[in-house]
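Participant: Predicted model follows, preceded by the sequence.
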Amino acid sequence: MTQNLKFDYVNSKTNLFYNEYGFIHYQPSSSEFKSLIDKCYNYYLNNDGDNNFQKNFEGQDGAARHILDIFRDKYSPALEIYKHKEVKQLISLLNENKELGIFTHSKLSFKEPNKITDWYPHQDNGYKKLNDRRSGLAIFICLEKMNNNNGCLQLFPKSHRLKTLKHERIVENLKSGSYQLRISNLPSLSHISIEAEAGDIILFHNDMIHQSQSSSTNSYRFALIAEIEFSKKIKLDDYNLVPVVAAEFHTFMDKIYLFFLSLINLRNKWYFFKKYFPSCSFFIKKWKVYIIDNLLRKGSK
Ligand SMILES: O=C(O)CCC(=O)C(=O)O
Ligand SMILES: [Fe+2]
């Protein structure tokens, strides 16, 4: 496969394509969906520099690549986009075993123009703990046009069949301790560039190898990404909060169980602490940076 195939319909053929190649590039036709996309694009463009956003994945020059947990931002249209029928039909198509689907996290992925914001080749499952890998996928939604000039997504078709490969940690920013994971031995598979329009939806398996380069134009290449996991077993999301449901629904007892799980969870408390006592958390962060700085420098000698 040298070229990207785009679908403007969703049926069993789309599903067969996904099973074979590990991704789907779908172009929605709904004008209502498109206006939500425009609203969302403007929301992030006009809020650039807003300190309330939780950002991460800072590169060597300090440029972050993600705004986190966008579904819990009540002003962002992101959740409305993922609840739209254009997205829902794709989720139910791929939820072949009719399991519970939860969003494990949601983010805005972006590229500060002319900064180093590449993503090394990785599988999203590489970031999961060994005992916490479930079947799932990422739903990547373009808020603007993307191509090779502004660092479009690049996929390695069929790589989802290789299962989760070994990744290594690459520290990018010693100050913040930010790092990326990169596949240690990249298999000899060719990749394709996903050139897309605003509103296009790209779904890819959580073992799909993918990467992207920086933006050399004045575009931020805004894209939403949410990851879904399908399972019979419920759990908290990556922010240790009760997850947003993507498919099917919880029973009442499941909801109570999740609520108590979130109450006793420590990481959850840490988010709370950071939000309400930012100055204390600043000192703790400094201390973390000191440790990472020293230990890693010593370790690499
Ligand atoms: O935005 C991109 O180009 C890729 C981001 C990504 O792969 C991730 O967040 O896991
Ligand atoms: Fe990824």
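Facilitator: Here it is on my side, so go on. Ligands and ions are numbered 1, 2, ... in the order given.

Participant: Report the contact partners of Asn206.
Facilitator: When contacts are counted by Cβ atoms under 8 Å, 6 or more residues apart in numbering, Asn206 touches Gln123, Asp124, Asn125, Lys128, Arg133, Ser135, Gly136, Leu137, Ala138, His160, Glu227, Glu229. Backbone N, C-alpha and C define where each C-beta goes, glycine included.

Participant: can we see that at 6 Å?
Facilitator: Asp124, Asn125, Gly136, Leu137 (Cβ atoms under 6 Å, 6 or more residues apart in numbering).

Participant: Equivalent analysis for Leu153, please.
Facilitator: Ile194, Ser212.

Participant: so how far is Ile67 from it?
Facilitator: Separation of Leu153 from Ile67 (Cβ to Cβ, to the nearest Å) stands at 17 Å.

Participant: So which of the contacts of Asn206 reach ligand 1?
Facilitator: When contact is defined as Cβ under 6 Å from any ligand atom, the contacts of Asn206 meet ligand 1 at Asp124.

Participant: looking at the contacts of Asn206, which has the most residues close by?
Facilitator: Neighbour counts for the contacts of Asn206, by other Cβ atoms under 10 Å, peak at Leu137, which reaches 27 neighbours.

Participant: and that one, that's in a helix?
Facilitator: No: counting by DSSP: H, G, I helix; E, B strand; the rest coil, Leu137 falls outside a helix, being strand.

Participant: which residues does it bridge with?
Facilitator: On the basis of DSSP bridges, Leu137 is bridged to His205, Ile228.

Participant: and it, what does it touch?
Facilitator: Leu203, His205, Asn206, Ile228.

Participant: in what helix or strand does the first one lie?
Facilitator: Same thing as Leu203. Element membership for Leu203, per DSSP states H and E: strand 201-205.

Participant: So which elements touch that strand?
Facilitator: Packed against strand 201-205, as judged by 3 or more Cβ pairs under 6 Å, 6 or more residues apart in numbering; DSSP states H and E, are the following elements: strand 23-26, strand 135-142.

Participant: Return the mean pLDDT over the first one, rounded to an integer.
Facilitator: Per-residue confidence for strand 23-26 averages out to 97 on the pLDDT scale.

Participant: Tell me the pLDDT of the residue in the stretch 1-150 of the chain that ligand 1 sits nearest to.
Facilitator: Among residues of the stretch 1-150 of the chain, the one nearest ligand 1 by Cβ to the nearest ligand atom turns out to be Ser109. It sits 3.3 Å away. Looking at Ser109, its pLDDT reads 97.

Participant: ok, Gln211 - how many residues close by?
Facilitator: By the criterion of other Cβ under 10 Å, Gln211 has 18 neighbours.

Participant: Now do the contacts for it.
Facilitator: Trp119, Pro121, Gln154.

Participant: Ile228 too?
Facilitator: Gly101, Phe103, Gly136, Leu137, Ala246.

Participant: do the same with Val244
Facilitator: Counting by Cβ under 6 Å, 6+ apart, Val244 makes contact with Phe71, Phe103.
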